Structures are given as C-alpha cells and as structure tokens.
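K.L.:
3D, please:
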Amino acid sequence: MKALRELRSKSDQELIEELQELRTELRNIGTKIRSGGAVENSGQVKNMRRRIARILTILNERKRGMGPKVGEEGKS
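P.N.:
Now for the predicted structure:
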C-alpha cells in the first residue's frame, strides 16, 4: 500500500505534525457540516479518519517497539 509505505518512511515528528493538521482540518469540516454546509467530497471525512488511524497505529507500533522502523519497510 503506497500510502502506508509513505507514512512509515516519515519520522515521528513529521507524523505528529501531519496528525495535528489532519485533526484540525477534520474539526473544520465537522463544524462546516454541523452548521448546514455541504462538503465538496463526501468521502473526504472517511479518508481523513482512516489516515489519522494509520498514523496513530504507526506511532504506537514504534512506541512499543513493534513493526518496521523508519526506512525498513519491505526489507526482509
């Protein structure tokens, strides 16, 4: 999976920054929806939530010492 490989190649700091950006954007979209506005791409929220979950999974794997380290994806 290209997106997962891309995320795994990033450092922890880069992942945390992206996580903060995604959460802010998701919060803004949620506010827009609740105020009666329409979202341009209806699948956008779902994709953002999944990307946030992937980032959190990678960070937790690294914290626990599981999974590949930065740049080790696909090496066996």
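
K.L.:
how about the helices in the chain?
P.N.:
For the chain, the helices defined by DSSP state H cover 2-8, 12-34, 44-64.

K.L.:
The ones you listed into JSON lines, with extra columns for mean neighbour count and mean pLDDT?
P.N.:
Just so you know, the C-beta spots here come from the backbone N, C-alpha and C atoms, and that holds for glycine as well. Below are those laid out as JSON lines (neighbours: other Cβ atoms under 10 Å; pLDDT from 0 to 100):
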{"stretch": "helix 2-8", "mean neighbour count": "13", "mean pLDDT": "89"}
{"stretch": "helix 12-34", "mean neighbour count": "13", "mean pLDDT": "93"}
{"stretch": "helix 44-64", "mean neighbour count": "14", "mean pLDDT": "94"}
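
K.L.:
State the distance from the residue lying closest to residue 19 once chain neighbours are set aside to residue 29.
P.N.:
Nearest-residue entry for residue 19: residue 55, 4.9 Å, with adjacent residues in sequence omitted and distances by Cβ to Cβ, 6 or more residues apart in numbering. According to Cβ to Cβ, to the nearest Å, residue 55 stands 17 Å off from residue 29.
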